[in-house]
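Q: starting from these lines, generate the structure:
(one chain, ligands or ions: 3)
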Amino acid sequence: MEETLTVGLQERAYPIHIGSGILPRLGAYLRARLQSLRYAVISDDQVAALYGGKVLAALQAAGLSGELFTFPAGEAGKRLATIEALAGHMLQKGFDRSHAILALGGGVSGDMAGFLAAIYMRGIPFVQVPTSLLAQVDSSVGGKTGVDIALGKNILGAFYQPRLVLIDTELLQTLPHDELLAGLGEVIKYGVSLDAGFFHYLAERREQILALDAGCLRHVIRLCCTLKAGVVAADERESGLRRVLNFGHTIGHAVEAASGFTLLHGFAVAIGMVAVADLAVRTGFAQPALREEIAGLLSAYGLPTAIPKTIAAERIAAFVQADKKMAGQRLFWVMPSALGKVTVTDQVDARAFLQILGLRRHPDGPSQRMRSRTQEAT
Ligand SMILES: NC(=O)c1ccc[n+]([C@@H]2O[C@H](COP(=O)([O-])OP(=O)(O)OC[C@H]3O[C@@H](n4cnc5c(N)ncnc54)[C@H](O)[C@@H]3O)[C@@H](O)[C@H]2O)c1
Ligand SMILES: O=C(O)C(=O)C[C@@H](O)[C@H](O)[C@H](O)COP(=O)(O)O
Ligand SMILES: [Zn+2]
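A: Ligands and ions are numbered 1, 2, ... in the order given. Predicted coordinates:
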């Protein structure tokens, strides 16, 4: 059975269709929402090999046409050079403003295809067909698109909403186990930051979820998309509330970048959630038991909870300066304060942050200034 959620963004509102085995009906969903008859299907080479043909067939069955454009799988390719190459190929194939982009794949494909759609001929429509768990619960919804640069994660990008999201849960059957775990890193983020009941559900249903039980996965995807859609509808461009979705990402992104983008994003987020929980305990925002609950659930799922010893703390501290929640000299931290509740604050002494990294002073100079603005986020 298919169900539909809505991301309530007035003129930019769009549906999220969730179902098992709904990919062959893709063309009908597109026809209901878009005028475009021709689609540039952007996908990494691994997902393209598995599902590219099926997507092209689904388009054809609805009287639409598609052309597949691929790039090598992995975060390393989430770069401006890939976008430029894809744009060139689309141009050579005659794609114009009457056409649209279809992102087929995980978060890397979705973020890049979305950014390409935002800037190709100054903007053409795009749709998301997420294939990884991470993309189905997080990256395909909300319109954050972009690419990395060597100095930081997602530094170039745009807020650009898709016209629809189509989630076929059956596609998860081919997902490698580590990629499933990476998606669960973001799933646990929702429980810790927004929904204590969901956190307990994840603890109780761990075995079924790891065994890809269809009912449990469907519940997880529906709930994460509902939570994300609500936050995005309230604060599309992250001027306040949306920062909660960034829980675990300040140190997580820094660790990911410091690893040379070899650490999976969801693993980096898991590590980042525990590190910021350490910080929350040290600064009095959380009790030690909360940190243990978060780390305990992540470990039970087989996710990492500690910063890899091969990554120098100085590099992590330097990458944190590239966080997009930095405003002037102030960094807004998303601190866990209770299960299902986070507090957004810039009232963190930089020394406490350096201490959790085992450093005494910042490698780039003076401490971050302290200001007295703390905001209850949920
Ligand atoms: N825009 C957002 O709001 C948002 C949110 C979270 C994460 N992200 C971004 O998403 C990216 C991570 O996404 P990801 O974890 O999906 O990584 P990914 O896109 O690299 O996909 C993970 C791997 O799984 C493979 N794969 C995907 N679906 C498959 C399937 N059904 N069967 C077999 N293999 C499959 C891919 O080929 C790839 O090798 C990061 O760049 C992160 O910054 C963006
Ligand atoms: O949608 C959001 O908002 C998020 O923060 C979701 C995150 O999981 C995601 O990784 C996002 O891309 C991070 O955004 P950034 O602005 O910190 O680059
Ligand atoms: Zn993320």
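Q: secondary structure class for residue 43?
A: strand (DSSP: H, G, I helix; E, B strand; the rest coil).
Q: again, but for residue 147
A: Look at residue 147: counting by three-state DSSP, its state is strand.
Q: residue 134 contacts residue 108, doesn't it?
A: No: counting by CB atoms under 8 Å, residue 134 stays clear of residue 108, with 9.7 Å between them. Where C-beta positions appear, they are placed from N, C-alpha and C, glycine not excepted.
Q: quick one: which helix or strand includes residue 102?
A: strand 100-105 (DSSP states H and E).
Q: and that strand, is it in reach of ligand 2?
A: No: with CB under 6 Å from any ligand atom as the criterion, ligand 2 is not reached by strand 100-105; the gap is at least 14.0 Å.
Q: write out the residues of the stretch 151-300 of the chain neighbouring ligand 1.
A: Counting by CB under 6 Å from any ligand atom, the stretch 151-300 of the chain comes close to ligand 1 at 154, 171, 174, 175, 176, 179, 182, 186, 265, 266.
Q: can we see that at 5 Å?
A: 171, 174, 175, 179, 182, 265 (CB under 5 Å from any ligand atom).
Q: just the C-alphas of the strand holding residue 102, formatted as PDB.
A: The C-alpha coordinates for strand 100-105 follow below in PDB (Å, rounded to 0.1, in the frame of the first residue of the first chain):
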ATOM      1  CA  ALA A 100      13.900  18.100 -15.700                       C
ATOM      2  CA  ILE A 101      16.400  16.200 -13.600                       C
ATOM      3  CA  LEU A 102      15.700  12.900 -11.800                       C
ATOM      4  CA  ALA A 103      18.000  12.100  -8.900                       C
ATOM      5  CA  LEU A 104      18.400   8.300  -8.600                       C
ATOM      6  CA  GLY A 105      20.500   7.100  -5.700                       C
END
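Q: residues contacting the residue of the stretch 251-378 of the chain found nearest ligand 2?
A: Per CB to the nearest ligand atom, residue 324 is where the stretch 251-378 of the chain lies closest to ligand 2, at 4.5 Å. Shown in contact with residue 324 (CB atoms under 8 Å, 6 or more residues apart in numbering): 154, 238.
Q: quick one: the strands in the stretch 1-150 of the chain, in order.
A: Along the stretch 1-150 of the chain, counting by DSSP state E, counting those that start in this stretch, strands occupy 3-7, 14-19, 38-44, 65-71, 100-105, 126-130, 144-149.
Q: touching ligand 2 at all, the first one?
A: No: with CB under 5 Å from any ligand atom as the criterion, ligand 2 is not reached by strand 3-7; the gap is at least 11.4 Å.
Q: and residue 338, its phi and psi?
A: phi -160, psi 170 (degrees, to the nearest 10).
Q: what's the mean pLDDT across the longest helix seen in the chain?
A: Determined from DSSP state H, the single longest helix within the chain is helix 214-234. Confidence over helix 214-234 (mean pLDDT, whole number) is 98.
Q: could you do stretch 58-73 as well?
A: Here the average pLDDT along stretch 58-73 is 98.
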